[in-house]
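>>> Structure for the following, please:
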Amino acid sequence: MPPASCWTVPACDLCPDSFICINRPTIFGDSYRCEPRPASCGDEVDCECAGAACDDRNEVCAGGGNGDVDLVCDCPNC
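Below you'll find the model as predicted:
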């Protein structure tokens, strides 16, 4: 895993241009993380090309987000 994948940021606009911003909502609020843009995504990010960014043990890809959020990974049982 690239070190940059561990970046949590207060806002998605802080992610480098070659990265996507992933929101992992929690009971405490939104949690944003920058991850390298998968080559298979091209210009559009969706669950099909970037869903692997969600932890399949407890998260589901909930699709694109609002504003600068590229993808939302939801934990339905958290």
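
>>> So E59 sits against V72, correct?
No. Between E59 and V72 there is no contact under C-beta atoms under 8 Å: 9.6 Å. Where you see a C-beta, it was placed from the backbone N, CA and C, and this is true even at glycine.

>>> What is the burial count for the closest residue to D30 other than its chain neighbours?
Once flanking residues are discounted, D30 sits nearest to N23: 5.3 Å by C-beta to C-beta, 6 or more residues apart in numbering. Residues near N23, counting by other C-beta atoms under 10 Å, number 22.

>>> Can you show me the strands along the protein?
With strands called from DSSP state E, the chain shows them at 8-9, 19-23, 32-36, 60-61, 71-74.

>>> shared neighbours of E59 and V72, anything?
Common contact partners of E59 and V72 (C-beta atoms under 8 Å, 6 or more residues apart in numbering): R24.

>>> show me the contacts for the residue positioned nearest the centre of the chain.
Residue closest to the mean C-alpha point of the chain, counted by C-alpha atoms, centre = their mean, is I22 at 1.7 Å. Residues in contact with I22, defined by C-beta under 8 Å, 6+ apart, are Y32, R33, C34, E35, A50, A53, C54, V69, D70, L71, V72, C73.

>>> Quick check on those: which are buried?
Buried by 16 or more other C-beta atoms under 10 Å: Y32, R33, C34, E35, A50, A53, C54, V69, D70, L71, V72, C73, out of the contacts of I22.
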